[in-house]
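**Student:** Here is a sequence with its predicted model. Questions after.
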Amino acid sequence: MIKGAMLYEGKAKKIFATDQPDRVIQYFKDDATAFNAQKRGTIIEKGVVNNKVSERLFGLLESAGVPTHFIERLSDREMLTKRVMIVPIEVVVRNVVAGSLAKRLGLKEGEAIQPALIEFYYKNDALGDPLITDDHVRLLKLAEPKVVEEIKRLALKINELLVPFFRERGMVLVDFKIEFGLHNGQLILADEISPDTCRFWDQKTWESMDKDRFRKDLGKIEEAYQEVLRRVCG
Ligand code: 5GP
């Protein structure tokens, strides 16, 4: 596998071409941003944690029949993935009230949501990733209605697989954001699943073990990421 030119640099990752046109390398950085990149910083070794945690979770999901872009981990910070056309929708699944849901609707943080809630956000930095409905997805032609239904089905299936996985490790999966892509016409899970993209609370103390420690200046950020790595991959 030969690493080629950088195709794209995002806030937390870089994507490189390879000598195979349908495969790319996803490189995980330590750079951290929040609030649409108004807050910037570094979380030491975050890239390594997110790469290894994503590898474990993509593996778990694949073995349960969820198609993902993951092929193999190449190094501490790199994974080989299928090349996809990203569907420009951030899919958020929520099991417990937190974050923007609490703020937007005036709900109390920590209340259980049953059944799980799915939200769509338009992946558009200039607009600040606004919350959108299925009708907006159609209006903006972000995805075919059939694809939207498949996204919802897979998102709920992923949640049903991840909730018990984290519960067994003493963690509450509060909510998470996932992204999908199209690969040869097939919808597959892409991007990453990591402490950057999920909210995890310790089951006993309800302490945040994720990027909220950075967003809210809670301290012990690196320690929390390492603890997630230990519980997920240890
Ligand atoms: P909220 O809408 O409450 O801010 O976020 C809900 C969940 O989605 C959280 O787990 C959060 O980490 C994740 N999330 C939402 N938008 C983004 C984003 O733009 N980047 C990242 N890394 N995570 C996001």
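**Tutor:** Perfect, I can see it now. Since this is a predicted model, take the numbers as computed values, not measurements. Numbering: from 1, shown residues only.

**Student:** OK, now which residue of this protein is nearest to the ligand?
**Tutor:** G99 (2.2 Å; Cβ to the nearest ligand atom). The C-beta positions use only the backbone N, C-alpha and C, and glycine is treated the same way.

**Student:** In this structure that residue contacts D175, no?
**Tutor:** Yes. Using Cβ atoms under 8 Å, G99 makes contact with D175 at a distance of 6.8 Å.

**Student:** Looking at the two now, which is surrounded by more residues?
**Tutor:** Applying other Cβ atoms under 10 Å to G99 and D175 shows that D175 carries more neighbours, namely 24 against 16.

**Student:** looking at it, the more buried one is touching R94, isn't it?
**Tutor:** Yes. Between D175 and R94 there is a contact under Cβ under 8 Å: 4.2 Å.

**Student:** Quick check: neighbours shared by those two?
**Tutor:** L101 (Cβ atoms under 8 Å, 6 or more residues apart in numbering).

**Student:** buried ones in the longest helix along the chain?
**Tutor:** The longest helix of the chain (DSSP state H) is helix 145-167. Neighbour counts over helix 145-167 (16 or more other Cβ atoms under 10 Å) mark 147-148, 151, 154-155, 158-159, 161-163, 165-166 as buried.

**Student:** could those be laid out in JSON lines, adding distance to the ligand and pLDDT?
**Tutor:** Below are the buried residues of helix 145-167 laid out as JSON lines (distance: Cβ to the nearest ligand atom, whole Å; pLDDT from 0 to 100):
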{"residue": "V147", "distance to the ligand": "20", "pLDDT": "98"}
{"residue": "V148", "distance to the ligand": "18", "pLDDT": "98"}
{"residue": "I151", "distance to the ligand": "15", "pLDDT": "98"}
{"residue": "L154", "distance to the ligand": "16", "pLDDT": "98"}
{"residue": "A155", "distance to the ligand": "12", "pLDDT": "99"}
{"residue": "I158", "distance to the ligand": "13", "pLDDT": "99"}
{"residue": "N159", "distance to the ligand": "12", "pLDDT": "99"}
{"residue": "L161", "distance to the ligand": "17", "pLDDT": "98"}
{"residue": "L162", "distance to the ligand": "12", "pLDDT": "99"}
{"residue": "V163", "distance to the ligand": "14", "pLDDT": "98"}
{"residue": "F165", "distance to the ligand": "16", "pLDDT": "98"}
{"residue": "F166", "distance to the ligand": "13", "pLDDT": "98"}
